[in-house]
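Undergrad: Got a predicted model here, sequence first, then my questions.
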Amino acid sequence: MSESLLRVARLDAGYGEMPVLRGVNVDIRAAEIVALVGGNGAGKTTLLRAISRLIPSQGELRFDGRSLGGTTADQVFEMGLVQVPEGRQLFDHMSVEENLQMGAYARRDKTAIEADLDRVYGIFPALAGRRRQLAGSMSGGEQQMCAMARALMARPRLLMVDEMSLGLAPVIVDSLLDTMARIRSEGVTVLLVEQDVHAALSVADRGYVMQIGEIVREGTAKELESDPDVRRAYLGEIATASSPGRAARSRATGRRMED
Amino acid sequence: MKRAGAAQRLPEPPEGEPGARGAATRAARRTALALAVAALAALPWIGNTVLVQFGISVLLLATLAQGWNIIGGYTGYPSFGNSVFYGLGAYGVAIAMVQYELPFWVGMLLGLGLGVAFAGLLGLAVLRLKGHHFAICTLGLALVMTAIVSNLEIAGGNIGLVLPLLRSEVLFYELALGLAVLATLTVLWLSRSRFGLGLIAIRENEEGAAVMGVNTTFYKVIAFMLSAAFTALAGGIYAYHITYIDPVGVFDVVLNVKMIIMAVFGGPGSVLGPVVGALILSATAEVLAARLTGAASLFFGIVIVVAVVFMPRGIAHLVRHIGPAGWRYFIDNVRTHRL
C-alpha cells in the first residue's frame, strides 16, 4: 500500500471548537474508484473539505507522497486534487463553455485547454450541444454533468465528487455512474462521496462507511454490499441470520449502525 | 441593495464577432474613445469656468463610481466603506500639506497609502461576510471613522483643516480626468484579465470559484485595495481643490450612496457604465437644481426610481440589448422583476 495516491491517517477536523472528524484513516490508490458512504451528518463533506484544505485539520494528509500540511486550498488544487462540490456550485449566469473555461482557470497551457475541451465534450456529449446555454438554465442532470466536466478541465489526478446523485432521477444517476468508469479509464482516480450507498458501491472498487465522524467499515465494494450491518443500515434490508463470528467481529464498530 | 444584486450580470461578451469585422469594430471603438478623451482634455480651453467646475465634479464622481465598480460591480461585495477611503485620501493630502508643509504629490502618496493599507486590513477582517452583512459592517465602520477622525489632533479635530489655496481649475480638471481615465483603463483590464475573471467567478458563485482554485480571500482583498486606491486619490484631489475639509464632510456616507447609484445606474460590472452613470446623473441633478431649486431632489429621486423600474441592469445592459426588442425591453424588465 506504499503507492497510495491519497493517504489520510488519524485525521481530526472540525469547525471552530466543534470537532467533527475523529481519527479518520482513508487510503486511495491510483486509478481506483473509492466510495465514501454514510448518512446525513456523518462527516463526509467535512472530510472532503479537510482534504481540499478548505478547513484546518490535524493528522496526516499525504498526496502522491507529499505532505499536504501547510499547503493552501489553491495549492492543493494545482496538485490535482479537484472537487465536484455538493450542490454543483456552477456559475449559473455563465454559459456552459465559460463554466468549463473556469475549470481550467489555474492552467496556462492554452492549446492543451482547447484539446481538453473537446475531450470533455466527448465524455459528456449532452453538453456539446449546449455550449452557449446558461448553466443555470439546464436540468439538474445536465448541471451535474457540467460540474463534473468543469472539474475535469482542471486536469485532476484525484476527482472528489460530493453527493452527485442528490435530487437526480435514478436513470440519470446510472448514466453518470457509467461516466465515472469512463473517467477512471482515462487515468483519473475518483473518490465518490454518496448518501446513495447502493449507487456508489455499484461502481466503486472499494468503499468506506462513515458514521458520526469515524470510519466504521472499510472493504471492497462487494464485501460492503454483502455486509449485513451495511445492508441493514443503508440498503433497506431486514437483517438475515449472519454467522456468529462475523457478528461478534462487527459488534465493536457496528453498534452505532443499529440506530 | 437587492436591485444591485439583480443588476449584477456578466459583462456579456460581444456576440460572436471574431475575425476582421470584430477587429474593425474594436479599432473604431478604440479610436472613438481616444477622441472622446482628447476632447475632454481640451475642454478647459473651450468651455467656461462653470463647465470646468462641473467637469471636475463629474470626473471625480466617475472615478468613485468606477472604484466602487471594482469591489461592488465585479466582485459582488456592496461596499459602504468606500467613503472611508475617500476621507483617508483627503486627510492624507490635508495632513501632509498643512501639518508638515509637504508638496501635494507627497500628500497624494500618503493618502493613497492610508487608503490602501486600511482597505487591506479591513478586507481581511470583513470580506468573509457576504451580502447585507458586509454592507452593514462597512456602513458601521464609515460612521465610526467620522468619530475617530474628529478626535485626532493631527487631523484638526472636528474643526477640520484648511489647505493652501491653488487657483488653477485647469490643473485640477486635468488631474481628475487623468485619474478617471486610469480607473477606467484598470476596469477595462479587469474585464479581460485572469484576475478580473476570478473576481467575476467570486461574484457569480464564491464557493464554486474556491473549488476551481481561485484564492478567494487574496482576490477579494486585492480588489478592495484597488477600489480603495482610486477612491483615496479622488479624495486627495478633492481636498486640495476644495481647500477645506472636515470629518463630517469627507467621511460622508451619502457620497458612498452616490457611488453606488451611479455605478448601478450605469451598469455594474461593465467598463464604461459607471462613467456614463456619473455623467448622466450629475447632469440631471444640475439641470434640476437650476430649474426647480427646492423640489430638485424630489425629481432626482423620481428619475432614479424610473430608471430602476425600467432598466434595472443599468445603461450598459440597455445599450447592448435594446436593439431588436425596442420598447419591449422596458416592459420585459418590469415584468421579469415583478414591479
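TA: Thanks, I have it. Numbers count the residues shown, from 1 in each chain, chains lettered A, B, ... in the order given.
Undergrad: what's in contact with the longest helix seen in chain A?
TA: Using DSSP state H to define each element, chain A has its longest helix at helix A:170-185. For helix A:170-185, contacts defined as C-beta atoms under 8 Å, 6 or more residues apart in numbering or on different chains pick out A:31-33, A:123-124, A:140-141, A:144-145, A:148, A:152, A:159, A:161, A:164-165, A:168, A:190, A:192, A:196, A:199, A:202-203. (Each C-beta comes from the backbone N, C-alpha and C, glycine too.)
Undergrad: what subset of those is also close to chain B?
TA: With C-beta under 8 Å from any C-beta of the partner chain as the criterion, the contacts of helix A:170-185 include none near chain B.
Undergrad: Select only the buried ones of these in PyMOL?
TA: In PyMOL, this line selects whichever of these come out buried by 16 or more other C-beta atoms under 10 Å in any protein chain shown:
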select buried, chain A and resi 32+33+123+124+141+144+145+148+152+159+161+164+165+168+190+192+196+199+203
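Undergrad: Just the ones of the contacts of helix A:170-185 in strands?
TA: Applying DSSP state E to those, the entries found in strands are A:33, A:159, A:161, A:190, A:192.
Undergrad: Name the member of the residues you listed with the shortest distance to residue A:43.
TA: Nearest to residue A:43 out of the ones in strands among the contacts of helix A:170-185 is residue A:192 (C-beta to C-beta; 15.8 Å).
Undergrad: got a list of what that closest one touches?
TA: Taking C-beta under 8 Å, 6+ apart, we find residue A:192 in contact with A:33-36, A:161, A:164, A:180, A:200, A:203-204.
Undergrad: State the distance from residue A:144 to chain B.
TA: As judged by C-beta to the nearest C-beta, to the nearest Å, residue A:144 and chain B stand 14 Å apart.
Undergrad: give the contact list for that residue.
TA: Residue A:144 neighbours (C-beta under 8 Å, 6+ apart): A:88, A:164, A:168, A:172, A:176.
Undergrad: repeat for residue B:213
TA: So, once contact is read as C-beta under 8 Å, 6+ apart, residue B:213 ends up touching A:73-74, A:77-78, A:105-106, A:154.
Undergrad: Check for me that residue B:98 belongs to a strand.
TA: No: using DSSP: H, G, I helix; E, B strand; the rest coil, the assignment for residue B:98 is helix, not a strand.
Undergrad: got a pLDDT number for the closest residue in space to it that isn't next to it in sequence?
TA: Leaving aside its sequence neighbours, residue B:98 sits nearest to residue B:161 (C-beta to C-beta, 6 or more residues apart in numbering or on different chains; 4.8 Å). With respect to pLDDT, residue B:161 scores 93.
Undergrad: what does residue B:309 give?
TA: For residue B:309, the pLDDT comes out at 83.
Undergrad: that's a strand at it, yeah?
TA: No: counting by three-state DSSP, residue B:309 is not found in a strand; it is helix.
Undergrad: Isn't it up against residue B:334?
TA: Yes: if you go by C-beta atoms under 8 Å, residue B:309 and residue B:334 touch, sitting 6.2 Å apart.
Undergrad: follow-up on the earlier one: quick one, phi/psi of the residue nearest to residue B:98?
TA: When read as degrees, to the nearest 10, the backbone of residue B:161 gives phi -130, psi 140.
Undergrad: I'd say it and residue B:95 touch.
TA: Yes: counting by C-beta under 8 Å, residue B:161 touches residue B:95, with 7.2 Å between them.
Undergrad: Of all the residues in the helix or strand that contains residue B:236, which ones are buried?
TA: Applying DSSP states H and E as the criterion places residue B:236 in helix B:216-242. Using 16+ other C-beta under 10 Å as the test for burial, helix B:216-242 gives B:216-217, B:219-241.
Undergrad: Please report how far the nearest residue to residue A:209 once chain neighbours are set aside lies from chain B.
TA: Setting aside the residues directly before and after it, residue A:209 is nearest to residue A:217 in space (C-beta to C-beta, 6+ apart), at 3.9 Å. With distances taken as C-beta to the nearest C-beta, residue A:217 is found 28 Å from chain B.
Undergrad: Between residue B:161 and residue B:95, which contacts overlap?
TA: residue B:155.
Undergrad: Run the contact check for stretch B:317-331 versus chain A.
TA: No: on the criterion C-beta under 8 Å from any C-beta, stretch B:317-331 is out of touch with chain A, staying 12.4 Å away.
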